[in-house]
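Trainee: Okay, structure incoming, though there's no sequence with it:
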């Protein structure tokens, strides 16, 4: 993930932005998404058809997000709070 607050100036390469409307006070709601660089719309649609077989969400809390790519046998995580209890 790129922290855009740390950079100044004009973007000079291809990039994309997106936003999800969370509402004023969301509660007990969650979402998940994939970033598929350099994929066409068709390739993205094909991936979406089988994504639930390939990717398993192991943890999705305020502390961390952890996913397992069962096809590549890779576990990825993003720690949102650094805490030794995780």
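Mentor: Right, received. Where do you want to start? None of the values given here were measured: they were computed from a predicted structure.

Trainee: part of a helix, is residue 52?
Mentor: Yes: assessed with DSSP: H, G, I helix; E, B strand; the rest coil, residue 52 lies in a helix.

Trainee: Tell me how many other residues surround it.
Mentor: 9 (other Cβ atoms under 10 Å). Using the backbone N, CA and C atoms, a C-beta is placed for each residue, glycine as well.

Trainee: try the one 4 residues further on
Mentor: Taking other Cβ under 10 Å as the criterion, the count of residues near residue 56 is 12.

Trainee: quick one: the nearest residue to it once chain neighbours are set aside from residue 40, how far?
Mentor: Nearest in space to residue 56, with sequence neighbours left out and distances taken as Cβ to Cβ, 6 or more residues apart in numbering, is residue 68 at 4.5 Å. Between residue 68 and residue 40 the computed distance is 26 Å (Cβ to Cβ, to the nearest Å).

Trainee: out of the two, which sits in the more crowded spot?
Mentor: In this comparison of residue 68 against residue 40, neighbours counted by other Cβ under 10 Å, the higher total goes to residue 68 at 16 against 9.

Trainee: can I assume the more buried one is in contact with residue 58?
Mentor: Yes: at 5.6 Å, residue 68 counts as touching residue 58 under the criterion of Cβ atoms under 8 Å.

Trainee: Helices of this structure, start to end?
Mentor: Counting by DSSP state H, the chain has helices at residues 41-54.

Trainee: Tell me how far residue 69 lies from residue 21.
Mentor: Taken as Cβ to Cβ, the span from residue 69 to residue 21 is 28 Å.

Trainee: Identify all contacting residues around the lowest-mean-pLDDT helix or strand in the chain.
Mentor: The weakest-scoring helix or strand in the chain, judged by mean pLDDT, DSSP states H and E, is helix 41-54 (a mean of 88). The contact list for helix 41-54 (Cβ atoms under 8 Å, 6 or more residues apart in numbering) reads 34, 36, 39, 69-71.

Trainee: what about the closest residue in space to residue 22 that isn't next to it in sequence, how many neighbours?
Mentor: Distances taken as Cβ to Cβ, 6+ apart put residue 29 closest to residue 22, at 7.8 Å, once the chain neighbours are dropped. Neighbour count for residue 29, taken as other Cβ under 10 Å: 7.

Trainee: No more questions from me, cheers.
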